[in-house]
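Engineer: Here's a sequence, model it:
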Amino acid sequence: MIRTALQPRWLALLAVLVVVVYTFVRLGLWQLAVAQDRVFEDTLAAQAAQPEVPIAQVLEPFSPFPNDASGRPVQVDGSYDAQLQFLVPDRLLEGREGYWVMTPLRTEQGDLLTVLRGWVADPAEADAPPGTPVSVTGTLAPGESPATEVLPPGQLASVDLAVLANTWEGDLYNAFVFATGEEPPLTSEAVEPVPPPLLSSRGVDWGNLGYALQWWVFAGFAVYMYLRFLKEASGSRHTVPS
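Structural biologist: Model prediction:
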């Protein structure tokens, strides 16, 4: 069988097989990427289609974070408490390392909601917003895991809401907000907006996944037929008719 495979005609056929298998595998991977992209696009559309609602319609202070609340657009009225503002270091924005600017918003009911107002490259660029009335819009996110890193005053290693609840006075929402808008605008231009995280997009489009599997089956079938013809040719000592 090895002797037959080394004949020029079979080597040429092997070269064709390699090209065919490579092409089919690549086509399968392309279909798989299309399947994943379609789910991602559907996720984006679903996130954008969610209606913006007052935060009270989604959760109350100290209540558990709802399973379906991540990425939910909300609106809340109140005033910033710049005295409680803190920074979170080691945060990336478009590949640059800097700090999140976290400022609590005290609602009209006196509750506290932590707001991610933006990102700065240098702590000195973080402004202190006035305590005037403001309407903030943004998307909800759950608190982050605790971090024990020791940092300078005014900084926390993560958005650990449990730490804030034990430090701040007042009822705290068990969530924070990626701010997407203020009315009136109070945040300076030095504080760059942080895009809200995308909703999780698990899964694939089954139609395109089926096409990907078909291409891989074709690749496997091509290999099978090559080996079958090679075995028959070796047994009969005849090559495959041209």
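Engineer: Please count neighbours and contacts with C-alpha atoms only from this point.
Structural biologist: Will do.
Engineer: Pro104: neighbour count?
Structural biologist: 26 (other CA atoms under 10 Å).
Engineer: Please name the bridge partners of it.
Structural biologist: Thr114 (DSSP bridges).
Engineer: I figured it hits Val115, correct?
Structural biologist: Yes: using CA atoms under 8 Å, Pro104 makes contact with Val115 at a distance of 5.6 Å.
Engineer: Next, give phi and psi for the closest residue to Pro64 other than its chain neighbours.
Structural biologist: Spatial nearest neighbour of Pro64, chain neighbours left out: Asn174 (6.5 Å); criterion: CA to CA, 6 or more residues apart in numbering. Phi and psi for Asn174, reported as degrees, to the nearest 10, are phi -80, psi 60.
Engineer: just the strands in this structure please.
Structural biologist: Under the criterion DSSP state E, the chain contains strands at 53-54, 73-80, 86-93, 96-107, 112-120, 133-141, 172-183.
Engineer: Run through the neighbouring helices and strands of the fifth one.
Structural biologist: Applying 3 or more CA pairs under 8 Å, 6 or more residues apart in numbering; DSSP states H and E, one finds that strand 112-120 makes contact with strand 96-107, strand 172-183.
Engineer: nearest to Leu151, of those?
Structural biologist: Of all these, strand 96-107 sits nearest to Leu151, with 12.6 Å by CA to CA.
Engineer: now the closest one and strand 133-141, what's the angle there?
Structural biologist: Strand 96-107 and strand 133-141 are oriented at 120 degrees to each other (axes from the mean of the first three to the mean of the last three CA atoms, to 10 degrees).
Engineer: Off-centre distance for strand 96-107?
Structural biologist: Mean-position distance between strand 96-107 and its chain equals 20 Å (CA atoms, centre = their mean, to the nearest Å).
Engineer: And that strand, what's buried?
Structural biologist: Within strand 96-107, the residues scored as buried using 16 or more other CA atoms under 10 Å are 98-107.
Engineer: packing partners for it?
Structural biologist: Applying 3+ CA pairs under 8 Å, 6+ apart, one finds that strand 96-107 contacts strand 73-80, strand 86-93, strand 112-120.
Engineer: what domains does the record give for the chain?
Structural biologist: Per automatic domain parsing, the structural domains of the chain span 2-46+203-236, 71-183.
Engineer: Figure out which of those is closest to Pro64.
Structural biologist: Closest to Pro64 of the domains of the chain is domain 71-183 (CA to CA; 6.5 Å).
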